[in-house]
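Asker: here is a sequence with its predicted model. Questions after.
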Amino acid sequence: EAQVTQNPRYLITVTGKKLTVTCSQNMNHEYMSWYRQDPGLGLRQIYYSMNVEVTDKGDVPEGYKVSRKEKRNFPLILESPSPNQTSLYFCASSNGQGRLDTQYFGPGTRLTVL
Amino acid sequence: GDSVTQMEGPVTLSEEAFLTINCTYTATGYPSLFWYVQYPGEGLQLLLKATKADDKGSNKGFEATYRKETTSFHLEKGSVQVSDSAVYFCALSTPLVFGKGTRLSVIA
(Lines give C-alpha, C1' and ligand atoms only; values in the text may rest on other atoms or scores of the structure.)
Protein backbone atom coordinates (compact mmCIF):
# COMPACT_ATOMS: atom_id res chain seq x y z
CA GLU A 1 0.00 0.00 0.00
CA ALA A 2 1.31 3.41 -1.00
CA GLN A 3 1.73 5.48 2.11
CA VAL A 4 3.63 8.02 4.13
CA THR A 5 4.37 6.96 7.69
CA GLN A 6 5.36 9.11 10.64
CA ASN A 7 6.60 8.20 14.08
CA PRO A 8 5.78 8.83 16.77
CA ARG A 9 2.12 9.79 16.39
CA TYR A 10 2.07 11.50 19.77
CA LEU A 11 4.93 12.94 21.77
CA ILE A 12 5.11 14.91 24.99
CA THR A 13 8.53 16.29 25.88
CA VAL A 14 10.20 19.04 27.85
CA THR A 15 11.92 22.21 26.75
CA GLY A 16 15.44 21.64 25.45
CA LYS A 17 15.31 17.87 25.03
CA LYS A 18 16.33 16.99 21.47
CA LEU A 19 13.85 14.95 19.49
CA THR A 20 13.44 13.47 16.03
CA VAL A 21 10.21 12.75 14.17
CA THR A 22 10.70 10.21 11.43
CA CYS A 23 8.99 10.23 8.05
CA SER A 24 9.14 7.53 5.42
CA GLN A 25 7.42 7.07 2.04
CA ASN A 26 7.26 3.97 -0.16
CA MET A 27 6.24 5.62 -3.43
CA ASN A 28 9.74 6.52 -4.67
CA HIS A 29 8.79 10.20 -4.55
CA GLU A 30 11.51 12.77 -5.08
CA TYR A 31 9.82 15.64 -3.26
CA MET A 32 9.19 15.57 0.50
CA SER A 33 8.19 18.28 2.92
CA TRP A 34 7.24 19.03 6.50
CA TYR A 35 4.32 21.19 7.63
CA ARG A 36 2.98 22.32 10.94
CA GLN A 37 -0.71 22.89 11.50
CA ASP A 38 -1.91 25.37 14.08
CA PRO A 39 -5.45 26.62 14.81
CA GLY A 40 -6.28 29.69 12.75
CA LEU A 41 -3.02 29.51 10.81
CA GLY A 42 -3.63 26.49 8.61
CA LEU A 43 -0.66 24.60 7.18
CA ARG A 44 2.73 26.21 7.12
CA GLN A 45 5.70 24.64 5.41
CA ILE A 46 8.80 24.12 7.55
CA TYR A 47 11.30 22.53 5.16
CA TYR A 48 11.21 20.70 1.88
CA SER A 49 13.51 18.50 -0.17
CA MET A 50 13.57 18.18 -3.94
CA ASN A 51 15.77 15.08 -3.84
CA VAL A 52 18.45 13.26 -1.87
CA GLU A 53 20.90 15.66 -0.20
CA VAL A 54 18.86 18.68 -1.34
CA THR A 55 16.89 20.55 1.30
CA ASP A 56 15.46 24.07 1.47
CA LYS A 57 13.73 26.27 4.01
CA GLY A 58 10.01 26.74 3.88
CA ASP A 59 8.03 29.50 5.52
CA VAL A 60 8.79 28.70 9.19
CA PRO A 61 12.17 26.91 9.45
CA GLU A 62 13.47 28.46 12.68
CA GLY A 63 14.17 25.86 15.37
CA TYR A 64 14.04 22.89 13.00
CA LYS A 65 16.52 20.82 11.03
CA VAL A 66 16.03 18.14 8.40
CA SER A 67 18.16 15.70 6.46
CA ARG A 68 17.62 13.68 3.30
CA LYS A 69 20.24 10.95 3.15
CA GLU A 70 17.93 8.45 1.48
CA LYS A 71 15.10 9.03 -0.95
CA ARG A 72 12.45 7.42 1.25
CA ASN A 73 13.26 9.10 4.58
CA PHE A 74 13.01 12.72 5.66
CA PRO A 75 13.36 13.12 9.45
CA LEU A 76 12.49 16.34 11.26
CA ILE A 77 14.85 17.27 14.08
CA LEU A 78 14.19 19.67 16.92
CA GLU A 79 17.57 20.29 18.57
CA SER A 80 16.18 22.29 21.49
CA PRO A 81 12.37 22.23 21.49
CA SER A 82 10.45 25.14 22.96
CA PRO A 83 6.75 25.44 23.92
CA ASN A 84 5.98 27.47 20.78
CA GLN A 85 6.79 24.35 18.77
CA THR A 86 3.81 22.57 20.28
CA SER A 87 1.82 21.72 17.17
CA LEU A 88 0.52 19.05 14.82
CA TYR A 89 3.17 18.08 12.27
CA PHE A 90 2.64 16.51 8.87
CA CYS A 91 5.10 14.99 6.47
CA ALA A 92 4.16 14.90 2.78
CA SER A 93 5.63 13.55 -0.42
CA SER A 94 4.96 13.89 -4.14
CA ASN A 95 6.53 13.11 -7.48
CA GLY A 96 7.60 16.70 -7.83
CA GLN A 97 6.64 20.27 -7.17
CA GLY A 98 4.84 20.80 -10.42
CA ARG A 99 1.32 21.93 -11.26
CA LEU A 100 0.00 18.42 -11.61
CA ASP A 101 1.58 16.86 -8.55
CA THR A 102 -0.63 15.61 -5.73
CA GLN A 103 0.73 15.72 -2.21
CA TYR A 104 0.46 12.55 -0.11
CA PHE A 105 0.34 13.21 3.61
CA GLY A 106 1.30 11.16 6.63
CA PRO A 107 -1.13 10.73 9.54
CA GLY A 108 0.44 13.47 11.62
CA THR A 109 2.49 13.76 14.82
CA ARG A 110 1.02 15.70 17.71
CA LEU A 111 3.88 17.25 19.67
CA THR A 112 3.56 18.91 23.06
CA VAL A 113 6.55 20.73 24.51
CA LEU A 114 6.23 21.53 28.22
CA GLY B 1 2.98 36.33 -3.60
CA ASP B 2 0.43 33.69 -4.42
CA SER B 3 -2.33 33.20 -1.88
CA VAL B 4 -5.55 31.32 -1.20
CA THR B 5 -8.49 32.65 0.79
CA GLN B 6 -11.29 30.39 1.90
CA MET B 7 -14.33 31.03 4.00
CA GLU B 8 -13.86 30.79 7.70
CA GLY B 9 -15.66 28.11 9.60
CA PRO B 10 -16.91 26.31 11.32
CA VAL B 11 -19.75 25.43 9.01
CA THR B 12 -22.54 23.37 10.56
CA LEU B 13 -25.15 21.74 8.34
CA SER B 14 -27.91 19.22 8.72
CA GLU B 15 -27.65 15.96 6.84
CA GLU B 16 -28.78 16.24 3.18
CA ALA B 17 -28.21 20.01 3.11
CA PHE B 18 -26.41 21.72 0.23
CA LEU B 19 -22.79 22.65 0.85
CA THR B 20 -20.72 25.49 -0.56
CA ILE B 21 -17.26 26.37 0.71
CA ASN B 22 -15.88 29.44 -1.01
CA CYS B 23 -12.28 29.64 -2.19
CA THR B 24 -10.59 32.45 -4.09
CA TYR B 25 -6.98 32.73 -5.12
CA THR B 26 -4.34 35.19 -6.19
CA ALA B 27 -1.63 33.88 -8.46
CA THR B 28 0.73 34.86 -11.21
CA GLY B 29 0.64 32.47 -14.11
CA TYR B 30 -1.77 29.55 -14.40
CA PRO B 31 -1.89 27.44 -11.26
CA SER B 32 -3.56 24.12 -10.70
CA LEU B 33 -6.22 24.17 -7.99
CA PHE B 34 -6.91 21.51 -5.38
CA TRP B 35 -9.25 20.64 -2.57
CA TYR B 36 -7.80 18.49 0.19
CA VAL B 37 -9.82 16.96 3.03
CA GLN B 38 -8.65 16.11 6.55
CA TYR B 39 -10.82 13.66 8.47
CA PRO B 40 -10.53 13.62 12.27
CA GLY B 41 -7.20 12.20 13.42
CA GLU B 42 -5.84 11.78 9.91
CA GLY B 43 -3.57 13.57 7.46
CA LEU B 44 -4.77 15.51 4.46
CA GLN B 45 -5.81 13.65 1.33
CA LEU B 46 -6.64 14.89 -2.12
CA LEU B 47 -10.36 15.30 -2.72
CA LEU B 48 -10.33 16.77 -6.23
CA LYS B 49 -8.32 18.98 -8.53
CA ALA B 50 -8.52 21.05 -11.72
CA THR B 51 -5.57 22.04 -13.86
CA LYS B 52 -6.93 24.69 -16.22
CA ALA B 53 -9.68 27.24 -16.58
CA ASP B 54 -13.25 25.85 -16.81
CA ASP B 55 -12.12 22.39 -15.69
CA LYS B 56 -14.44 20.74 -13.19
CA GLY B 57 -12.97 18.44 -10.58
CA SER B 58 -15.27 15.93 -8.93
CA ASN B 59 -15.06 13.10 -6.40
CA LYS B 60 -17.36 11.50 -3.81
CA GLY B 61 -20.22 13.81 -4.82
CA PHE B 62 -18.12 16.95 -4.38
CA GLU B 63 -17.48 19.31 -7.28
CA ALA B 64 -15.47 22.45 -7.94
CA THR B 65 -15.02 24.44 -11.14
CA TYR B 66 -11.89 26.43 -11.98
CA ARG B 67 -13.15 29.96 -12.70
CA LYS B 68 -10.37 32.12 -14.05
CA GLU B 69 -12.54 35.20 -14.51
CA THR B 70 -13.49 35.27 -10.83
CA THR B 71 -10.29 33.55 -9.59
CA SER B 72 -12.41 31.08 -7.65
CA PHE B 73 -12.65 27.35 -6.98
CA HIS B 74 -15.69 26.91 -4.76
CA LEU B 75 -16.41 23.45 -3.35
CA GLU B 76 -19.99 22.18 -3.59
CA LYS B 77 -21.95 19.09 -2.67
CA GLY B 78 -25.65 18.62 -3.20
CA SER B 79 -26.42 16.51 -0.14
CA VAL B 80 -23.94 16.21 2.71
CA GLN B 81 -23.66 13.24 5.05
CA VAL B 82 -22.42 12.96 8.61
CA SER B 83 -19.34 11.18 7.23
CA ASP B 84 -18.39 14.39 5.35
CA SER B 85 -17.53 16.09 8.65
CA ALA B 86 -13.92 17.13 8.23
CA VAL B 87 -11.64 20.09 7.57
CA TYR B 88 -11.41 21.16 3.92
CA PHE B 89 -8.38 22.94 2.47
CA CYS B 90 -8.22 24.79 -0.81
CA ALA B 91 -4.76 24.93 -2.40
CA LEU B 92 -2.96 26.06 -5.52
CA SER B 93 0.24 24.99 -7.23
CA THR B 94 2.89 25.95 -8.19
CA PRO B 95 4.24 27.00 -5.71
CA LEU B 96 2.06 24.98 -3.35
CA VAL B 97 -0.03 27.30 -1.18
CA PHE B 98 -2.80 26.18 1.18
CA GLY B 99 -5.77 28.08 2.52
CA LYS B 100 -6.35 28.05 6.26
CA GLY B 101 -8.99 25.35 6.15
CA THR B 102 -12.74 25.26 6.78
CA ARG B 103 -14.17 22.92 9.37
CA LEU B 104 -17.45 21.28 8.36
CA SER B 105 -19.72 19.57 10.85
CA VAL B 106 -22.75 17.67 9.60
CA ILE B 107 -25.40 16.72 12.13
CA ALA B 108 -27.97 13.98 11.71
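Answerer: Nice, I can see it. Remember, it's a predicted structure, so these values are computed and weren't measured experimentally.
Asker: what about the closest residue to A:Leu78 other than its chain neighbours, neighbour count?
Answerer: Leaving aside its sequence neighbours, A:Leu78 sits nearest to A:Leu19 (Cβ to Cβ, 6 or more residues apart in numbering or on different chains; 5.2 Å). All C-beta spots, glycine's among them, are computed from the backbone N, C-alpha and C. A:Leu19 has 18 neighbouring residues, counting by other Cβ atoms under 10 Å in any protein chain shown.
Asker: got it, and A:Gly42?
Answerer: Neighbours around A:Gly42, by other Cβ under 10 Å: 19.
Asker: which residues touch the residue nearest to A:Leu78?
Answerer: A:Leu19 sits next to A:11, A:13, A:77-78, A:81, A:111 when contact means Cβ atoms under 8 Å, 6 or more residues apart in numbering or on different chains.
Asker: quick check: which element contains the most centrally placed residue in chain A?
Answerer: Taking Cα atoms, centre = their mean, the centroid of chain A lies closest to A:Trp34, which sits 2.8 Å from it. Element membership for A:Trp34, per DSSP states H and E: strand A:31-38.
Asker: which helices and strands does that strand pack with?
Answerer: When contacts are defined as 3 or more Cβ pairs under 8 Å, 6 or more residues apart in numbering or on different chains; DSSP states H and E, strand A:31-38 packs onto strand A:19-25, strand A:42-51, strand A:87-94.
Asker: show me how far that strand is from its chain's centre.
Answerer: From the chain centre to the centre of strand A:31-38 is a distance of 5 Å (Cα atoms, centre = their mean, to the nearest Å).
Asker: repeat for stretch A:67-84
Answerer: Averaging C-alpha positions (Cα atoms, centre = their mean) puts stretch A:67-84 7 Å from its chain's average.
Asker: do me a favour and get the end-to-end distance for stretch B:53-60?
Answerer: From its first residue to its last, stretch B:53-60 covers 22 Å (Cα to Cα, to the nearest Å).
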